[in-house]
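> What shape does this take:
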Amino acid sequence: MDIWINKLDLEDTVDRSSKPSDITRKLLAYFVGEENLKTMSLSGKGGWKPIPGDTLKAVKSFVKENSDGNEIENFYRWVTKYCNRLRATGKSPDETEPPQQ
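This next block holds a predicted model:
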């Protein structure tokens, strides 16, 4: 499945001269939203919802095509750190627990 973003939104969202990790964060925030990412993880384990696989593939592909391919090996680490940072920002420790189901 392809994910589409119109050219103007892409230009407003992503500065292609940015670091690949910054591009990754900006695209995930655009497609998924920071509030949703606070409740997600890569795998969906530990009570978190999984980040949609098609979204991850599309973002990773874009970042790989628009940056030095050597850095893409850190993609999943960037995503994990971003979700963790969103959960930790301005929250008390009990609010960073996985949502109860």
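> per-residue pLDDT, residue 50?
The model reports residue 50 with a pLDDT of 97.
> which residues sit in contact with it?
Counting by Cβ atoms under 8 Å, 6 or more residues apart in numbering, residue 50 touches 40, 41, 42, 43, 44. Just so you know, the C-beta spots here come from the backbone N, C-alpha and C atoms, and that holds for glycine as well.
> so which pair among those residues is furthest apart in space?
Longest distance between any two of the contacts of residue 50 is 9.8 Å, between 40 and 43; criterion Cβ to Cβ.
> who's more crowded, those two?
Higher neighbour count among residue 40 and residue 43: residue 40, with 20 against 11, using other Cβ atoms under 10 Å.
> if I look at residue 63, how far off is residue 41?
From residue 63 across to residue 41, the span is 19 Å (Cβ to Cβ, to the nearest Å).
> Could you do residue 65 as well?
Taking Cβ to Cβ, one finds residue 65 at 25 Å from residue 41.
> So between these two, which is more surrounded?
With neighbours defined as other Cβ under 10 Å, residue 65 and residue 41 compare such that residue 41 has more, 19 against 9.
> so what's the more buried one closest to, chain neighbours aside?
residue 48 (3.9 Å; Cβ to Cβ, 6 or more residues apart in numbering).
> Which phi and psi values does that neighbour adopt?
phi -90, psi 160 (degrees, to the nearest 10).
> shouldn't it be in contact with residue 36?
No - between residue 48 and residue 36 there is no contact under Cβ atoms under 8 Å: 10.9 Å.
> where are the low-confidence patches of this protein?
For the chain, applying pLDDT under 70 flags the ranges 1, 8, 16, 69, 90-101.
> For it, which segments count as helices?
7-13, 20-31, 34-37, 53-65, 75-88 (DSSP state H).
> Please give me every residue in contact with residue 23.
By Cβ under 8 Å, 6+ apart, the neighbours of residue 23 are 14, 15, 16, 62, 63, 66, 67.
> What distance do you get for the last one to residue 88?
Separation of residue 67 from residue 88 (Cβ to Cβ): 26 Å.
> One more: the first one?
When Cβ to Cβ is the yardstick, residue 14 and residue 88 sit 25 Å from each other.
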